[in-house]
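In: sequence unavailable; structure follows:
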């Protein structure tokens with residue numbers, strides 16, 4: 001299982017070696033480290049909850065409700081950072097297949 005992480009680690013190292021010092025941002029590096037730890041905690045917690053509710057709820061139902069619970073967090077965030085206002089400028093906004 002850990003062997004599958006090797007390309008991810010090597011990819012990050014190669015990107016770092018190919019970037020100049022002007023591309024490096026210490027705050028960005030720290031935020032990515034925090035994001036990695038948060039993602040790990042999320043995966044462990046999600047696995048634990050799935051094991052607890054497996055008999056009561058299927059996997060698809062659990063993931064649906066998990067994604068729905070993220071909406072109150074992501075919508076205000078997208079509004080505050082301006083992503084919602086750029087949605088109408090998207091080239092594929094009126095394409096039904098782009099939303100699937």
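Out: Received, thanks. Computed from a prediction, not measured in an experiment: that's the story for all the values here.

In: who are the packing partners of the longest helix along the chain?
Out: The single longest helix within the chain, with elements called by DSSP state H, is helix 26-53. Packing contacts for helix 26-53, counted by 3 or more Cβ pairs under 8 Å, 6 or more residues apart in numbering; DSSP states H and E, involve helix 59-80. Using the backbone N, CA and C atoms, a C-beta is placed for each residue, glycine as well.

In: which residues touch the helix it packs on?
Out: Applying Cβ atoms under 8 Å, 6 or more residues apart in numbering, the contact partners of helix 59-80 are 46, 49, 50, 53, 57, 84.

In: ditto for stretch 49-56
Out: Outside stretch 49-56, the residues within contact range by Cβ under 8 Å, 6+ apart are 59, 62.

In: which pair in the contacts of helix 59-80 spans the largest distance?
Out: Farthest apart among the contacts of helix 59-80 by Cβ to Cβ are 53 and 84. That separation is 32.4 Å.
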